[in-house]
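Visitor: Sequence first, predicted coordinates after that:
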Amino acid sequence: MARAPKKPDTAPGDDHWLVRPETIRKIWIGGILVLAVTVALELFTGTAGHFHGVDEWFAFPAVFGFLGCVAMVFVAKVLGFILKRKDDYYDL
């Protein structure tokens, strides 16, 4: 019995190195490693906060940046809901 040829994961012409699954996985792993090393380096450096409190906690900049990013995504979702138009908005 003849087997059907295996379909490629990407369409023809979409073989750019940034859209390959193995490249995407490598980028994720590299990004996570960079973030982990950056936070780990904080163990060897002194932290002098400007407000002498919360900003002196371990990994505060990473947590603050992550929470800020999450907040921006939620605000963008709310704005998108408020500002969206009907699909036929530009019809004459």
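Guide: Nice, thanks for sending it over. Residues are numbered from 1 along each chain as shown.

Visitor: helix or strand for residue 29, which one?
Guide: Per DSSP states H and E, residue 29 falls inside helix 21-41.

Visitor: which secondary structure elements does that helix contact?
Guide: Counting contacts by 3 or more C-beta pairs under 8 Å, 6 or more residues apart in numbering; DSSP states H and E, helix 21-41 is packed against helix 60-83. C-beta here means a position set from N, CA and C on the backbone, and glycine is covered the same way.

Visitor: If I take the helix it packs on and helix 21-41, what angle do their directions form?
Guide: Going by axes from the mean of the first three to the mean of the last three C-alpha atoms, to 10 degrees, helix 60-83 is angled at 130 degrees with respect to helix 21-41.

Visitor: Which other helices and strands does helix 60-83 contact?
Guide: In terms of contacts (3+ C-beta pairs under 8 Å, 6+ apart), helix 60-83 is packed against helix 21-41.

Visitor: average pLDDT across the helix it packs on?
Guide: In this model, helix 21-41 has an average pLDDT of 94.

Visitor: Please save the CA atoms from that helix in PDB.
Guide: C-alpha atoms of helix 21-41 as PDB (Å, rounded to 0.1, in the frame of the first residue of the first chain):
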ATOM      1  CA  PRO A  21       9.400  25.400  14.800                       C
ATOM      2  CA  GLU A  22      12.900  24.500  15.800                       C
ATOM      3  CA  THR A  23      14.100  28.100  15.500                       C
ATOM      4  CA  ILE A  24      11.100  29.300  17.600                       C
ATOM      5  CA  ARG A  25      11.900  26.800  20.300                       C
ATOM      6  CA  LYS A  26      15.600  27.900  20.300                       C
ATOM      7  CA  ILE A  27      14.600  31.500  20.600                       C
ATOM      8  CA  TRP A  28      12.300  30.700  23.600                       C
ATOM      9  CA  ILE A  29      15.000  28.700  25.300                       C
ATOM     10  CA  GLY A  30      17.600  31.400  24.700                       C
ATOM     11  CA  GLY A  31      15.300  34.100  26.000                       C
ATOM     12  CA  ILE A  32      14.500  32.200  29.100                       C
ATOM     13  CA  LEU A  33      18.200  31.500  29.700                       C
ATOM     14  CA  VAL A  34      19.000  35.200  29.300                       C
ATOM     15  CA  LEU A  35      16.300  36.200  31.800                       C
ATOM     16  CA  ALA A  36      17.400  33.600  34.300                       C
ATOM     17  CA  VAL A  37      21.000  34.600  34.100                       C
ATOM     18  CA  THR A  38      20.100  38.300  34.500                       C
ATOM     19  CA  VAL A  39      18.100  37.500  37.600                       C
ATOM     20  CA  ALA A  40      20.800  35.200  39.000                       C
ATOM     21  CA  LEU A  41      23.400  37.900  38.500                       C
END
